[in-house]
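Undergrad: Sequence and computational prediction follow.
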Number of protein chains: 2
Amino acid sequence: MINKLISKIQKTNAPIVVGLDPMLGYIPAHIQEKAFAEYGETLEGAAEAIWQFNKGIVDATCDLIPAVKPQIAMYEQFGLPGIAAYKKTIDYCKQKDLVVIGDIKRGDIGSTSAAYAVGHLGKVQVGSKSYAAFDEDFATVNPYLGTDGVKPFIDVCKEENKGLFILVKTSNPSSGEFQDRLIEGRPLYEWVGEMVAKWGEEHMGDSYSYIGAVVGATYPEMGKVLRRLMPKTFILVPGYGAQGGKGADLVHFFNEDGLGAIVNSSRGIIAAYKQEKYAAYGAENYADASRAAVKDMIADISGALENR
Amino acid sequence: MINKLISKIQKTNAPIVVGLDPMLGYIPAHIQEKAFAEYGETLEGAAEAIWQFNKGIVDATCDLIPAVKPQIAMYEQFGLPGIAAYKKTIDYCKQKDLVVIGDIKRGDIGSTSAAYAVGHLGKVQVGSKSYAAFDEDFATVNPYLGTDGVKPFIDVCKEENKGLFILVKTSNPSSGEFQDRLIEGRPLYEWVGEMVAKWGEEHMGDSYSYIGAVVGATYPEMGKVLRRLMPKTFILVPGYGAQGGKGADLVHFFNEDGLGAIVNSSRGIIAAYKQEKYAAYGAENYADASRAAVKDMIADISGALENR
C-alpha cells in the first residue's frame, strides 16, 4: 500500500491528502436542509448530510489527489449513524481508487491494539468466516504505550500489505508539553521518531517503509531533523493551511527524491468556499471551490519543492 | 459523577470495576451457537453473542460492583454491529445504576478531541436538536498531545458532571519505553501525573477530582509515588489478575481514607469459568463463575487494605 500511495503521488504529482473532517458547520445549508427534510434533525440526518457533502468533494477532486484522510472523530460524534457514514465514505473513496488513511489515533495494550488493528486494517474472525469491518488502507496510531501497543498493528499491516502513520510530533500548539521534553539531551519526539524508523524496518516497501510517521507542518524545523532521523519513513504532515503551515515551510519534510512526505489539508480544502479567496463559488458550488483549493495547494507545494 | 462513583464504592465496599472486554474466545459455545443460529456467522451474530454474554455477567454481578469498563476496541473490531453492542451494553449498565467507564483512549488536537468529547460524554448538536451519542459516565484519554488535546474533554465533563481517566503509566510490559524515560531526573509518567493533578483542579468533586488517572497494577512502586504526587486524583488501576497484579501489591494506590483507587479486572472476571479455580461452574454457568470471581477479588483487595 505504501508503493501504491507513492505511485499515485507520482502520477498526480500531488503529495497531498484531503482531510475529510466534516463538521456540520462546514456543510452548506442546501445539503443540511435536504438531509434533514428526509431524516429529520437526527443523528441519521447529520450522517446523511456528511455523506452527501463528502461525496461532492470526492467527486470533484478524486482525479487530482492520491489519498484522503477521514478523521473518525467527526463521524463518531454522531454515534452509529455517523460511523456508518465513515464506513460509506471509506468504501466510496476506495471505489474511486483513492488511498484511504483512517485518522483514528488508536493505541492500547497489546491485546486491545490487536482488536483495533483487526477491525480497521485486517479481518476479524466470526466462527468459520472472516470480515473486514472498516478496511482503511492506513491508520494513524498513538505511540504512548510503546512497542507492544504498536506491534499488533504492524503484524496486521504485514498480513494485509497495509500501513501506519505513528504520531511523532503533532501539529497542535501544546504538542511540546510532553513531546519536546529533553531525554538525555534530545526531545522525546526524536526518540519516538527513532523507534518509528526501527519499527519500520520490519515492513519495508520498495523505497519507503509501510510504517510512517505524523509530524505537524506547524513545526518545520523539527520536521527537518526528523526527516534525517527517519530516512525511509514516509511522513504524514497535518497542519497545512488553516492550522498555519505553508508550502515553503514544508520542503524539508521531503527527501531529495521529492518523496517521503504527504501533506494534509482538511478545513482549507473542504470548507474552501467559506474563505474570501473562493467565496465567488458560493455555497452551492462548494465542491468546485474545494477543487480550486486543491489545485492551489498542489501548486504551492510543488512550486516550493521545485524552488528549493 | 466522581461523587456517585465514590458513594457506590462505599456502598458496595468494592473499589473494583469489571472490564467488559468480550473477546469471542471468552464467550461460551452455547451463547455463540444461539447467536449464530439467529444471525449467521456474521458481524451481527458476533455482536449478539457479545451482548448476551455481557448481559449475563452484568445481571450476575451488578449488586456487588460500583462500575463497569467496556473496552470499545473489542466491539469496534466487529464494525457497526459491534459498536451497536457497545452502546447497548452502556445503556443496560446505566439502567442497572452502574457507573460506566468507556475505555476509549481517545486523544487528538483540540477540535478533534472536542468531537470525541461531545460524542462520548456530551451532546452533539444537529440543527435545533441535541443528542448524546454514546453517553458514557467517564472516558479514558491519551495525554500525548498535551493540554489542548485534553482540555476539550474537561470542558465537556464540566458541563455534564462527568469525568476522565487519563493515561499516566500503563500496565503493559513496554509502557516504560517512553513513559519511564527521565526528564530532568524524573520519569515522564511523573510529569504527566503532575499535569493530570493540575488539570484536575479545574473540576473538583467533594473530595476527589472528576479528572482521574490510569496507573497499571503491574507497577506498584510507581503507583506509590504517583499516589503522593496526585493526592486528589482518583486512580483507575488496570492489570489486576490476568496481567499479574495482586491485592497486596495495590494498597499504595489507595489513600489513607481507603479511597482514591478503583481496580479493574477484565479477563479474570468475565472469563473466570475458564480458570481451574472456577471450572466447576461449567461454561453454562459462566456468569455464576464471574460472580464468584468478583467476590474473591473484593475479598483480596479489601483484605489487603485492612491489613496494611
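TA: That came through fine.
Undergrad: how many other residues sit next to A:I183?
TA: The local packing of A:I183 (other CB atoms under 10 Å in any protein chain shown) involves 16 other residues. Where C-beta positions appear, they are placed from N, C-alpha and C, glycine not excepted.
Undergrad: Over to it: give its phi and psi.
TA: phi -120, psi 120 (degrees, to the nearest 10).
Undergrad: who's in contact with it?
TA: By CB atoms under 8 Å, 6 or more residues apart in numbering or on different chains, the contact set of A:I183 is A:191, B:181-183, B:188.
Undergrad: number of nearby residues for A:V168?
TA: 31.
Undergrad: err, A:A248, not the other one
TA: 14.
Undergrad: can you list contacts of the top helix by length along chain A?
TA: Ordering each helix of chain A by length in residues (DSSP state H) puts helix A:286-306 first. Outside helix A:286-306, the residues within contact range by CB under 8 Å, 6+ apart are A:12-16, A:18, A:28, A:53, A:56-57, A:59-61, A:64-65, A:240-241, A:246-248, A:250-251, A:254, A:258, A:263, A:265, A:268-273, A:275, A:278, A:281.
Undergrad: hang on, the earlier thing: B:M1: which of the contacts of A:I183 is nearest?
TA: Checking those against B:M1 by CB to CB gives B:L188 as the nearest, at 28.4 Å.
Undergrad: Would you mind giving me the confidence score for that closest one?
TA: We have a pLDDT of 98 for B:L188.
Undergrad: what does A:A242 give?
TA: pLDDT, A:A242: 67.
Undergrad: A:L250 now?
TA: 95.
Undergrad: now A:A84
TA: Per the predicted model, pLDDT is 98 at A:A84.
Undergrad: Out of the contacts of helix A:286-306, list just those in helices.
TA: Going by DSSP H, the helices hold A:12, A:53, A:56-57, A:59-61, A:268-270 from the contacts of helix A:286-306.
Undergrad: any idea which of these has the most stuff around it?
TA: Most surrounded of these: other CB under 10 Å gives A:I269, at 29 neighbours.
Undergrad: picking up where we left off before, and the longest helix of chain A, how far from the chain's centre?
TA: 17 Å (CA atoms, centre = their mean, to the nearest Å).
Undergrad: and A:V68, what does it touch?
TA: A:17-20, A:58, A:89, A:93, A:98-101.
Undergrad: biggest separation within the ones in helices among the contacts of helix A:286-306, which pair?
TA: A:T12 and A:F53 (22.5 Å).
Undergrad: thinking again about what came up before, return the closest of the contacts of A:V68 with respect to chain B.
TA: A:G19 (10.2 Å; CB to the nearest CB).
Undergrad: Regarding the spatially closest residue to that closest one that is not a sequence neighbour, what are the backbone dihedral angles?
TA: Among residues not flanking A:G19 along the chain, A:S266 sits closest, at 2.9 Å (CB to CB, 6 or more residues apart in numbering or on different chains). Here is the backbone geometry of A:S266 (degrees, to the nearest 10): phi -110, psi -90.
Undergrad: if I look at A:S266, how far off is B:P22?
TA: In this view, A:S266 and B:P22 are 35 Å apart by CB to CB, to the nearest Å.
Undergrad: Which positions in the stretch 151-300 of chain A make contact with chain B?
TA: Taking CB under 8 Å from any CB of the partner chain as the contact definition, the stretch 151-300 of chain A meets chain B at A:167, A:170-179, A:181-184, A:188, A:191-192, A:195, A:238.
Undergrad: Among these, which ones are in strands?
TA: With DSSP state E as the criterion, strands contain A:167, A:182-183 from among these.
Undergrad: Could you list the low-confidence segments of the stretch 201-308 of chain A?
TA: Residues of the stretch 201-308 of chain A meeting the criterion pLDDT under 70: A:242-245.
Undergrad: what helix or strand does the residue nearest to the spatial centre of chain A sit in?
TA: In chain A, the residue lying closest to the centroid (CA atoms, centre = their mean) is A:K69, at 3.5 Å. Under the criterion DSSP states H and E, the helix or strand holding A:K69 is strand A:67-70.
Undergrad: Go ahead and confirm the residue nearest to A:G19 touches A:M74.
TA: No. With contacts defined as CB atoms under 8 Å, A:S266 does not count as touching A:M74, sitting 9.1 Å away.
Undergrad: Give the residues shared as contacts by the two.
TA: Joint contacts of A:S266 and A:M74 (CB under 8 Å, 6+ apart) are A:D21.
Undergrad: and A:P152, helix, strand or coil?
TA: helix (DSSP: H, G, I helix; E, B strand; the rest coil).
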